[in-house]
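> Based on what follows, work out the 3D shape:
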Amino acid sequence: PSMIKRIKKDIEHFDIVHIHNYRTFQNIIAAYYLQKHNIPYILQAHGSLVSFYQRGTLKKIFDFFWGRKILKKAAKVIAVSPLEVEQYLSMGVEKDKIVIIPNGIDISEFQNLPEKGGFRRKFGLKDSQKLILFLGRIDRVKGLDMLVRAFSEFHKSYDNVMLAIVGTDWGFLKELKSLISELNLEDK
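Model (predicted):
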């Protein structure tokens, strides 16, 4: 069955629903039927509240027609940080509806760490060189182009600094490498 038919059919069997992300078609449908059946829901945006990156105009349209109502009608919203709390507040969510639950980590993954200095040895970096590290997905929305441009200016005054961009390519690596080359930063 279609998603809408499935939601209409099954939604009244739930006591509470946890909605993930923010601006999705599924959330519009789910929130409508949850409100219709007086079923409380919790919304966890996972960092998707910010609207100034890609498709900003479409995000603002979503917020105007559906998003703010979805947020305001939520029984609770989950933020992962104080910054996300501020984002919820700026979207009109009442403070008492916001709960901070930081992202969890499995500390056992950090029990057998590589030997200190291994990264520097692998890439031929001196102990005296300062290292700036970006660790995350290599994606346009992460602002890596701004980071590289800022580093280009920064490095003019502080030559003893290197920038490491570490992560999985989400379709932006080729363009990022081109920018790095354009700014003559390959060795930095």
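> In the protein, which helix is the longest?
When the chain is parsed with DSSP state H, its longest helix is helix 144-157.
> Once you drop chain neighbours, what's closest to residue 39?
residue 14 (5.9 Å; Cβ to Cβ, 6 or more residues apart in numbering). The way it works is simple: take the backbone N, C-alpha and C, and place the C-beta from them, glycine included.
> surely that neighbour meets residue 42?
No. With contact defined as Cβ atoms under 8 Å, residue 14 does not reach residue 42; the gap is 11.7 Å.
> The two - which one has more neighbours?
Set residue 14 next to residue 42 and count neighbours by other Cβ atoms under 10 Å: residue 42 wins out with 16 against 13.
> All the helices of this protein, residue numbers only.
3-10, 25-36, 56-62, 68-73, 82-90, 118-122, 144-157, 173-182.
> The residue most central in space within the chain and residue 80, how far apart?
The centre of the chain sits closest to residue 47, judged by Cα atoms, centre = their mean, with a distance of 4.1 Å. Per Cβ to Cβ, to the nearest Å, residue 47 is found 7 Å from residue 80.
> Can you give the contact residues for stretch 123-131?
117, 119-120, 158, 160-164 (Cβ atoms under 8 Å, 6 or more residues apart in numbering).
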